[in-house]
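[1] missing the sequence, but the structure's below:
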C-alpha cells in the first residue's frame, strides 16, 4: 500500500492534495465533503483587510452616533449580539469546521498594510485555525513607489504577523517580483514556514457597449502549472521552507509533477469548482496507481526528484531551456 502522507507547515497531512481557498468553503458541509474526498487540509477563503476595516468603522459609527445629544442617547448603543459581520462569521466557521472534520483548517488573511488587522490573525488562531496563509494579493499602482519599498512593506507584514501568532504561517505570493528567489528568502527570514506559488491575478474585462469595467473570473488550466513547477524546482533545497504548488492542479498527475519538482503539497481550486469536490478522490486514485506501478512506497520518496538540485542538467530550469525551446519549435506545432 502506497503511503500518501506528507507534511506541510509542520502538520501531518493524510494526502498531499490541499483544497485551497474558494467560495466553496463558506459552507461547512462542503468542508466535510472535502475531508471525505481525501483532502489533506482545507484553506478557507481569504478574509480581506477591507472587511475588517469596514466592520471596525461601522462599529465606531454605531457606538458614537447621537451620543452628543443627551443622556438618553446611551440607549442607541446596539447589543454586541446584533453584529454578524464577515469577520465574526469567519471565526465561527473556523470553530465549526474544527468540530466537524479531522483535517487541518488553514485560515487565510489578505493584508497589504502593516496595521491593526494583524490582531485578527490572533483571533483566527484562538478560533482554532491550525495554520495561517497570508495572501499577498495586491497590485502596486503608484509609479513613485520603488520595487525595494514594495518588497520591504511585504516583508514587514509577514514579520509582524509571524510575531503575533504561534501557529505556522505560509505566504502566498505572485510571480512578478524582480527576483522571486530573493523575495522568497526574505519572507522565510521574516518567519514564514511555507510559500504558496503562485497567486493568480484576476484581470477585469471591458464592456465596450455599456462602457463598464467588468469582473472576469477565468478558472485555471493545467498548462498554468508550469510556472509554479519551474520556481518550486528552483527553490527546493535552497530555502528553509515548505513549498505548495497552486494554479493548474487538475488531476493526480499534476500533483505528482508538483511533488517531483519539490512541493510538499499541491493545491486545488479550479478543478473543484469545475468538476466538483469529488474530483480529489479520483486524483488520489490516479496517484496511487501511478506510484504502485513504479514501485514507490510513499509520496515523500519522489519529492524533489526532478528539482534543479537533483537534475543532472542544472541549467534545464533556466535560460538554456528557453533557448532550446525556441530552437526546436516547428511552425504548426501548436
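    That came through fine. Remember, predicted model here, so these are calculated numbers, not experimental data.
[2] what's next to stretch 20-36, contact-wise?
    Here stretch 20-36 makes contact (Cβ atoms under 8 Å, 6 or more residues apart in numbering) with 19, 42-46, 93, 96-97, 100-103, 105, 108, 133, 135, 246, 267-269, 272-273, 277-278, 280. Where you see a C-beta, it was placed from the backbone N, CA and C, and this is true even at glycine.
[3] so of those, which ones are in helices?
    Among the contacts of stretch 20-36, the members found in helices (DSSP state H) are 93, 96, 97, 100, 272, 273, 280.
[4] of those residues, which count as buried by neighbour count?
    Buried members of the ones in helices among the contacts of stretch 20-36, counted by 16 or more other Cβ atoms under 10 Å: 93, 97, 272, 273, 280.
[5] now do the strands in the stretch 201-334 of the chain.
    For the stretch 201-334 of the chain, strands defined by DSSP state E, counting those that start in this stretch occupy the ranges 205-207, 212-214, 242-246, 265-268.
[6] nearest to residue 89, out of the ones you listed?
    Nearest to residue 89 among these is strand 265-268 (23.5 Å), distances taken as Cβ to Cβ.
[7] returning to that earlier point: let me have the ones in helices among the contacts of stretch 20-36 in TSV, extended by pLDDT and distance to residue 299.
    Shown next, in TSV, are the ones in helices among the contacts of stretch 20-36 (pLDDT from 0 to 100; distance: Cβ to Cβ, whole Å):
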residue	pLDDT	distance to residue 299
93	97	29
96	98	30
97	98	25
100	98	26
272	96	20
273	94	25
280	98	15
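[8] out of these, who's nearest residue 14?
    Nearest to residue 14 among the ones in helices among the contacts of stretch 20-36: residue 280, at 11.7 Å, using Cβ to Cβ.
[9] with adjacent residues omitted, what lies nearest to that closest one?
    Once flanking residues are discounted, residue 280 sits nearest to residue 37: 4.3 Å by Cβ to Cβ, 6 or more residues apart in numbering.
[10] pretty sure the one you found sits against residue 277.
    Yes. Shown here, residue 37 and residue 277 form a contact pair, counting by Cβ atoms under 8 Å, at 5.4 Å.
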